[in-house]
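Asks: Sequence isn't available, so here's the structure alone:
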């Protein structure tokens, strides 16, 4: 039996490293804390330099009001701050930082150099800290006004923490996303971000959020975003939301800021989704940048170690305000004409359903692009067009590898098309209704999978290359997988900062939207550490095929209908789409006879 150990105080170094574990989770955490310090110092220009995804170097330089030389040693000590002084200050926080532990926590797990000069000083001063230990006295140094913090060899003395870091691409993406959030929250500040000497982001500091959005997503995406403004004193909600077709499979592009602080709040996500009710397919998330302004005393920001979450004094009121703001903006800018209704089911801030009176709601969008699987993410292109009817001679490149029909596939005779969405066919045992979108998904999926199995994906050069611009985090991800895409039949090459040129597609997908296909791939790369791994390859191909398949609501000529039906019957599994949805519904002859009273 193990002996009981006595209770004893922890050494200061261990205390600092434990605190660092809460504050400094990864390089992006360091960038976040240093940017917040710069913003609290009223900086108008913030430059971030990264080397080796933050493992080797993180440098943040600002032109704020700086730190006097005689306070530098205090600045790197635990629980020292100029932002709060008495307990009641915690309930009226106007700054991003307030705990006085960020610099000390960072310095305890790195080699930190702090250089600063306030405007009234003629020279700056420098202090160096290694693993929480101050190296020598503060020394004078030539420096511009402001503060520069260099963090080198992060987690050098905590090897276990270093081993838990993700791949360089993932860590770079986390840093990019951190900087982007603060650039959006503070458009009046000029931000510059470099990775290994390469410029990734530069904003103009004009004070216009839309200019920052253009720098991130490009002008064509911003043209499809709507301004939001809703006031219910003392609460104010403003920002930008994307048109319904600007959606993704995750909520990472739904950004919320409370009094200038980036926050994560599931209730705010639910409020926005309720605002998009009937505009978005279930499981899709819009592009959103929303700012909430309310009195500091009504928000508790001291509820999370990294201050990423907040607690509202009146969460239901905040929920309703966000939901109303989004709905109002969508109804004002949507090209669809809403139809009056009497009630609309909503969720309250805790996620419980409730009914509230509402003025109007858009009609059902059963044949909308998002329902059919077209969901362009933040990009530079207009929304993807459905394949033209003539293109439904379908890329013949897949024919030679198509599987023969199986015994269970019925022989069908085409009758026609219903509601520009369903094919009607006659079989030996009754009537078949075929979903043209689901059927085309299955056809494209099996053709492309068959080519992948042979290791020879036919490639179709584009007559005119398609230029795709991506937000910096997505661009960093894509750069690491260009060779992989080439093996898939894509020919993609860099074409400027955060911009790529698509020169060829797999022949099976040649009639689809090149930009849409590329965005589906990037989205998968973002969500998975090892994209295109064997156990996910089929799922990814299915997503691409869903995006590029013919859509519901699209009228097809007779020849295209016949072709689609025959290609479906050649499939190994013609009865479901790759996602498991049925491609066809069978109505037996005996059921028809009973319905018409021919059989009892």
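Replies: That came through fine. The shown structure was predicted, so the numbers you read here are calculated from the model rather than taken from an experiment.
Asks: And the strands in the stretch 501-600 of the chain?
Replies: 584-588 (DSSP state E, counting those that start in this stretch).
Asks: give me the low-pLDDT residue ranges for it?
Replies: 524-540, 600 (pLDDT under 70).
Asks: Doesn't residue 166 belong to a helix?
Replies: No. The assignment for residue 166, made by DSSP: H, G, I helix; E, B strand; the rest coil, is coil rather than a helix.
Asks: Please name every helix or strand in contact with the longest strand seen in the chain.
Replies: Longest strand in the chain, counting residues (DSSP state E): strand 459-469. Applying 3 or more C-beta pairs under 8 Å, 6 or more residues apart in numbering; DSSP states H and E, one finds that strand 459-469 contacts strand 499-506, helix 514-527. Just so you know, the C-beta spots here come from the backbone N, C-alpha and C atoms, and that holds for glycine as well.
Asks: So what touches it?
Replies: 217-218, 379-381, 395, 397, 489, 491, 495, 498-507, 510, 514-515, 518-519 (C-beta atoms under 8 Å, 6 or more residues apart in numbering).
Asks: distance of residue 298 from residue 230?
Replies: Distance from residue 298 to residue 230, counting by C-beta to C-beta, to the nearest Å: 17 Å.
Asks: same check, this time on residue 183
Replies: 24 Å.
Asks: So those two - more neighbours on which side?
Replies: Taking other C-beta atoms under 10 Å, residue 183 and residue 230 do not tie; residue 183 has more neighbours (25 against 20).
Asks: for the helix or strand where the more buried one lies, packing partners?
Replies: Residue 183 belongs to helix 168-185 when assigned by DSSP states H and E. Packing contacts for helix 168-185, counted by 3+ C-beta pairs under 8 Å, 6+ apart, involve helix 27-40, strand 45-51, strand 190-195, strand 198-202, helix 209-217, strand 254-258, strand 261-263, helix 472-479.
Asks: related to what we said a few turns ago, just the angle between the longest strand of the chain and strand 499-506, please?
Replies: Between strand 459-469 and strand 499-506, the angle comes out at 160 degrees (axes from the mean of the first three to the mean of the last three C-alpha atoms, to 10 degrees).
Asks: List the strands paired with strand 459-469, with their directions.
Replies: Take DSSP bridges as the rule and strand 459-469 pairs in its sheet with strand 499-506 (antiparallel).
Asks: ok, residues contacting the strand it pairs with?
Replies: 380, 397, 448, 451, 457-462, 465-470, 475, 478, 488-495, 512, 514-515, 517-518.
Asks: tell me the contacts of residue 272?
Replies: By C-beta under 8 Å, 6+ apart, the neighbours of residue 272 are 241, 254, 286, 288, 290, 322-323, 326.
Asks: Reformat the residues you listed as CSV; add pLDDT, secondary structure and distance to residue 276.
Replies: Formatted as CSV, the contacts of residue 272 follow (pLDDT from 0 to 100; DSSP: H, G, I helix; E, B strand; the rest coil; distance: C-beta to C-beta, whole Å):
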residue, pLDDT, secondary structure, distance to residue 276
241, 95, strand, 8
254, 93, strand, 10
286, 92, strand, 6
288, 95, strand, 9
290, 96, strand, 13
322, 95, helix, 12
323, 94, helix, 10
326, 94, helix, 7
